[in-house]
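**Q** Here is the input, now give the coordinates:
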Amino acid sequence: MATLHHDHAGHGILVVKGAPERVLALCARERRGDGGAALDRQRWTALTAELAGQGQRVLALAMRRTSIGLSELVDEDLKEEGLDLLGLCGLIDPPREEALVAVAACRQAGITVKMITGDHAATAAAIGRRFGLPDGVISGPDLDRLDETGFAAAAASNSVFARTTPEHKLRLIAALQAAGDTVAMTGDGVNDAPALKRADIGVAMGRNGTEAAKEVAAMVLADDNFASIVHAVEEGRTVYDNLRKTILFMLPTNGAQAVVILLAVLTGSILPITPVQILWVNMVTAVTLGLALAFEAPEPGVMARPPRPRDEPILAGRLVRRMLVVLALLVVSSFGFFHFHRLQGDGIEEARTIAVNALVVGEIFFLLSARDLHGRSRLRAAVAGSRPVWLSIAAMTLLQLAFTYAPPLQTLFGTAPVGLAAWAAMVAVGAGLFLLMELEKRSAMT
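**A** Here you go, the predicted model:
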């Protein structure tokens, strides 16, 4: 940056600040007291490296008196006679503690953090070390000398990029995307706007960011805190996990209800569950058990696992197998209880009531298992459940008791009272389903 000033007599003073290597190239002398001396470039270069090595952002300051009458500043005025170097200015901008913790959390979560800055390479390297970034620093001029293959290799192998321009940022993002990476880019200035737009996720600063950066960004940080990005990643992983849990729970439970009816029709046997009873189960499970999984807290180690591959389906093969096993067990449980009690001489209303309740009890125990997708939590934690889960189970239990014992609902749904022994048998079968699912998850981890 260069500015032109005038005194009361009309004499012009040209004042310049900028990167030391750029300003030193424009200087012919250095100021010492009121006089001047030949510029000792080696000394000033060493001082710049010393300050930059301490993590300080270094600016060089220079000036030159101009002729009377100079009123407009152009690039040639900086190079005409050379400038007088005034000195160096080291600015200390220490990283915030929460940012250090956030970068460590990113690395633990399998997220590679790269720092792109206009600072001196030594400054960038010192700051990178404070953040715990792996060694690997390269400057913009060095990047310019690389071909496309070398540029791509440098983008992947280095963690810190110094003295970069907006064009470098664009090329770095493109190189990382070409390698199959999903790139999130943070920025606040007008010059960052093209890179923010090109990135998969552009993140602009809400407080200090320019309007241009905010307009093109996909996300705006209200607090300008890098740690907020880490919290967003954790929240995103939790939401995605809960979505998978809900699908994992709803598909086999709803599928079991349909298969029970279909199997009875295909075999020509009496329906174990009537259509109106199926409607009841669908209605109450959707608003109780199914809803509970949406409020699940993050699983243990959610930020310690690597990002999922882009092409990974929402339900991987092991989860599909788990769904099929649960569906089969629920069908066998409902069908088995119905025909067993019919053979015992119980009435069809009572047998159907037990079949419906066996299906619901199995769903309740599967809900406890579906809370943990990866089998990393202890069995005790899985059984303990969470507040939303137990509230939904309590609500479901009250509704099923009303379904079974309330005379108006008995008339409406064709149900009958059920004895304590039948309830104990249904709970035992449901607990067996839960233990079987937990064993399957543990075996999948080995």
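**Q** List the buried residues for the helix or strand hosting Leu435?
**A** Assigned by DSSP states H and E, Leu435 belongs to helix 420-445. Buried residues in helix 420-445, counted by 16 or more other C-beta atoms under 10 Å: Ala422, Ala425, Met426, Val429, Gly430, Leu433, Phe434, Met437, Glu438, Glu440, Lys441. No exception for glycine: its C-beta is placed from N, CA and C like everyone else's.
**Q** From the contact counts, what lies against it?
**A** Judged by 3 or more C-beta pairs under 8 Å, 6 or more residues apart in numbering; DSSP states H and E, the packing partners of helix 420-445 are helix 317-343, helix 348-370.
**Q** can you pull the buried residues of the longest one?
**A** The neighbour-count criterion (16+ other C-beta under 10 Å) identifies 319, 322-323, 326-327, 329-335, 337-338, 341-342 as the buried residues of helix 317-343.
**Q** Adding distance to Gly268 and pLDDT, write the buried residues of helix 420-445 out as a markdown table.
**A** Formatted as a markdown table, the buried residues of helix 420-445 follow (distance: C-beta to C-beta, whole Å; pLDDT from 0 to 100):
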| residue | distance to Gly268 | pLDDT |
| --- | --- | --- |
| Ala422 | 26 | 94 |
| Ala425 | 27 | 95 |
| Met426 | 26 | 95 |
| Val429 | 26 | 94 |
| Gly430 | 29 | 92 |
| Leu433 | 28 | 91 |
| Phe434 | 33 | 89 |
| Met437 | 32 | 86 |
| Glu438 | 37 | 82 |
| Glu440 | 34 | 81 |
| Lys441 | 38 | 77 |
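**Q** ok, so of those residues, who is nearest Val203?
**A** Nearest to Val203, judged by C-beta to C-beta, of the buried residues of helix 420-445 is Lys441 at 35.1 Å.
**Q** I'd like the distance between the closest one and Leu248.
**A** Separation of Lys441 from Leu248 (C-beta to C-beta, to the nearest Å) stands at 12 Å.
**Q** How is the protein divided into domains?
**A** According to automatic domain parsing, the chain comprises the domains 2-91, 97-229, 235-445.
**Q** So for Val220, what pLDDT did the model give?
**A** Note on Val220: pLDDT of 93.
**Q** next structured bit after the strand or helix carrying it?
**A** Assessed by DSSP H and E, Val220 sits inside strand 219-221. Next helix or strand after strand 219-221 toward the C-terminus (DSSP H and E): helix 226-267.
**Q** for that next one, packing partners?
**A** Applying 3+ C-beta pairs under 8 Å, 6+ apart, one finds that helix 226-267 contacts helix 97-108, strand 184-187, strand 219-221, helix 275-287, helix 289-292, helix 317-343, helix 348-370.
**Q** so Gly55 touches Ile127, yeah?
**A** Yes: at 5.3 Å, Gly55 and Ile127 qualify as touching, with contact defined as C-beta atoms under 8 Å.
**Q** about what we covered before: closest one to Thr112 out of the buried residues of helix 420-445, please.
**A** For the buried residues of helix 420-445, the nearest to Thr112 is Lys441 (29.6 Å; C-beta to C-beta).
**Q** Next one: the closest one from Arg371, what distance?
**A** As for Lys441, its distance to Arg371 is 11 Å (criterion: C-beta to C-beta).
**Q** Likewise for Ala316?
**A** With distances taken as C-beta to C-beta, Ala316 is found 18 Å from Arg371.
**Q** More neighbours: the two, which one.
**A** Arg371 (24 against 13; other C-beta atoms under 10 Å).
**Q** pretty sure that one contacts Glu296?
**A** Yes: in this structure Arg371 lies within contact range of Glu296 using C-beta under 8 Å: 6.0 Å.
**Q** hey, what's in contact with both of these two?
**A** The contact sets of Arg371 and Glu296 overlap at Lys245, Ser386, Val389 (C-beta atoms under 8 Å, 6 or more residues apart in numbering).
**Q** export those to TSV and tack on neighbour count and distance to Leu83?
**A** Below are the shared contacts of Arg371 and Glu296 laid out as TSV (neighbours: other C-beta atoms under 10 Å; distance: C-beta to C-beta, whole Å):
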residue	neighbour count	distance to Leu83
Lys245	22	66
Ser386	16	67
Val389	20	71
